[in-house]
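# Following is a predicted model, sequence given first.
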Amino acid sequence: MANRTSPLLLKALLELTEAHSSKALRGTSKRPNIRYLSSCGVLAARRPSLPLFPDTPTITPTRSFINLAAPINTRRMEYAECRTIGYTPEQMYNVVANVDQYQQFVPWCKKSRVMKSQNGDIRAELEIGFPPIVERYTSEVTMVPNHQVRAVCNDGSLFSHLETIWRFTPGAKDLPDSCKVDFFVSFEFKSLLHSQLASVFFDEVVKQMVNAFESRAALLYNSQQGASVRRRSA
């Protein structure tokens, strides 16, 4: 089975690497009018001393496509980013908490469906795809309104571990209608083949997450605020 899958994975790696490179060149000129203030982030293999939200970024060696054939073991990876943006904690919380809308804007999310909701927490099924691979997994999502969203994968063939945490706190007093967003994700793939695929591009997928949710906030709230201003001036 692995011998039949490897050529498909290698083909996917080439296509995704080329697609990501061209997208990165185009992306900076097409992003919406985002109220972006500051950010920092770090991706690294898990270490016992790694804090949840590091104060300063560090640089960790990454694998390139050239050394893809070198021995590699599945390993847990962690990424943390903090960013101050021009939307309120409530606005950003609403964007992240609406899991059923992820299929509309989250990178490589093909489907998102809330299966169960109880006491403000939900169980959601998500489908992610980077052809020829399409995988589904289930997450238990717990929420603290306007403050935190935490999702833990408890079912699926893709990940042996996946945990995502979003935290929202009010911005500085001199930055009204802003908030600090802390994003943390920890993941480990079940199979060696998926780990090889991830070593090429999955770190970039993770790094795009905050941008994707910030762009979604811009789409939802910039247009709403513009309409409100127009109504007041009419």
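In hand now; what should we look at? What you see is a predicted model; the values in this text were computed from it and never measured. Residues are numbered from 1 along each chain as shown.

# Now name the helix or strand holding the residue nearest to L126 when sequence neighbours are not counted.
Leaving out its chain neighbours, the residue that sits closest to L126 by C-beta to C-beta, 6 or more residues apart in numbering is S112, at 5.1 Å. From N, CA and C alone the C-beta is placed, and that goes for glycine too. Following DSSP states H and E, the helix or strand that holds S112 is strand 109-118.

# Confidence-wise, which helix or strand of the chain is lowest on average?
In the chain, no helix or strand scores lower on mean pLDDT, DSSP states H and E than helix 223-233, which sits at a mean of 47.

# list the helices and strands the strand holding S112 packs on?
strand 121-130, strand 133-144 (3 or more C-beta pairs under 8 Å, 6 or more residues apart in numbering; DSSP states H and E).

# could you give the angle of that strand to strand 133-144?
With axes from the mean of the first three to the mean of the last three C-alpha atoms, to 10 degrees applied, the angle from strand 109-118 to strand 133-144 works out at 40 degrees.

# Who does strand 109-118 pair with, and is each partner parallel or antiparallel?
Using DSSP bridges, strand 109-118 pairs in its sheet with strand 121-130 (antiparallel).

# average model confidence for the partner strand?
Strand 121-130 shows a mean pLDDT of 90.

# Can you get me the start-to-end distance on stretch 204-220?
Using C-alpha to C-alpha, to the nearest Å, one end of stretch 204-220 lies 25 Å from the other.

# And for stretch 165-175?
Stretch 165-175 has its terminal residues 24 Å apart, counting by C-alpha to C-alpha.

# Buried residues in it, which are they?
The neighbour-count check on stretch 165-175 (16 or more other C-beta atoms under 10 Å) flags 165-168, 171 as buried.

# Could you do stretch 149-158 as well?
Buried positions in stretch 149-158, judged by neighbour count with 16+ other C-beta under 10 Å: 149-151, 153, 156, 158.

# tell me which of those is nearest to G120?
Among these, V149 lies closest to G120 (C-beta to C-beta), at 10.7 Å.

# what about T88, distance to Q104?
T88 sits 21 Å away from Q104, going by C-beta to C-beta, to the nearest Å.

# who touches the residue nearest to L126 in this structure?
Going by C-beta atoms under 8 Å, 6 or more residues apart in numbering, S112 touches 99-103, 106, 124-127.

# And the strands in this protein?
Under the criterion DSSP state E, the chain contains strands at 36-45, 77-85, 109-118, 121-130, 133-144, 148-156, 159-170, 179-189.

# and the strand holding S112, average pLDDT?
Confidence over strand 109-118 (mean pLDDT, whole number) is 94.

# any chance you could read off phi and psi for the nearest residue to D177 once chain neighbours are set aside?
Leaving aside its sequence neighbours, D177 sits nearest to T88 (C-beta to C-beta, 6+ apart; 5.5 Å). When read as degrees, to the nearest 10, the backbone of T88 gives phi -70, psi 160.

# Can you verify my assumption that T88 contacts C179?
Yes - using C-beta atoms under 8 Å, T88 is in contact with C179, at 5.8 Å.

# Neighbour count for the two, which is higher?
Neighbours per residue, other C-beta atoms under 10 Å: of T88 and C179, the larger number sits with C179, 24 against 19.

# Hmm, I85 and that one touching each other?
Yes - under the criterion of C-beta under 8 Å, C179 makes contact with I85 at 6.7 Å.

# Mutual contacts of those two, please.
M92.

# Okay, the residue nearest to I122 when sequence neighbours are not counted and V114: tell me how far apart.
Spatially, and ignoring its direct neighbours in sequence, I122 is nearest to V141 (4.8 Å; C-beta to C-beta, 6+ apart). Distance, V141 to V114, by C-beta to C-beta: 9 Å.
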